[in-house]
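Colleague: this is a predicted model, with the sequence first.
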Amino acid sequence: MYLRYNTLITEAPDLLLRLEHTHRRSPLVVRLKMLRLLKSGLYRSRRALADVLGFSERQLHRWFETYRTGGIDALLTTERRTGPAERVTADAWDALVIEMKGGRIGRLEDARQWLAEHHGIAYSVAGLSDLFKRRKVKLKTGRPRHVNASATEQQAFFKTVQ
């Protein structure tokens, strides 16, 4: 027994096609294509359509049930799967940024220790690196100098070279 998709899907095929064009660079376009192809009658079942779209019949069933219960808006809404919440608070982050801009923190290890001492927030260096990547922050540090470098000798050298 086939479902009558042309009556179950309330949106017109041209609207579904326009939505496909709107979401063409999104993974959601496959969901819209599924609805359009079922509505148009080119495919009579999700089983036949699954191979064409490259997804399992079960996945198409989940998408269609989402559409049936919540409509097109529910189908186009994706739940963002995230890990645990960040441990750093907004106040701690703002204070850390001020410390970094002030030049008192130059390495990830320094930032890790500062967060632990001042705010009681424990991060690993790798975790802090990931946090900085998520927040698009790069540590800007000066060029490292040798321990035995002498500023006066360097100035004297540059005066003789020029």
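Modeller: Done, it's in.

Colleague: where do the helices sit along this protein?
Modeller: 5-8, 13-22, 29-40, 46-53, 57-75, 90-101, 108-119, 125-134, 151-161 (DSSP state H).

Colleague: redo these as TSV? Include mean neighbour count and mean pLDDT.
Modeller: No exception for glycine: its C-beta is placed from N, CA and C like everyone else's. TSV is the format used below for the helices of the chain (neighbours: other Cβ atoms under 10 Å; pLDDT from 0 to 100):
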stretch	mean neighbour count	mean pLDDT
helix 5-8	13	88
helix 13-22	15	91
helix 29-40	21	92
helix 46-53	16	92
helix 57-75	15	93
helix 90-101	14	93
helix 108-119	16	95
helix 125-134	14	92
helix 151-161	9	84
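
Colleague: need those in TSV (columns: distance to residue 83).
Modeller: Output for the helices of the chain, formatted as TSV (distance: least, Cβ to Cβ, whole Å):
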stretch	distance to residue 83
helix 5-8	37
helix 13-22	30
helix 29-40	25
helix 46-53	29
helix 57-75	23
helix 90-101	18
helix 108-119	19
helix 125-134	10
helix 151-161	46
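
Colleague: which one of the ones you listed lies nearest to residue 84?
Modeller: Of all these, helix 125-134 sits nearest to residue 84, with 10.9 Å by Cβ to Cβ.
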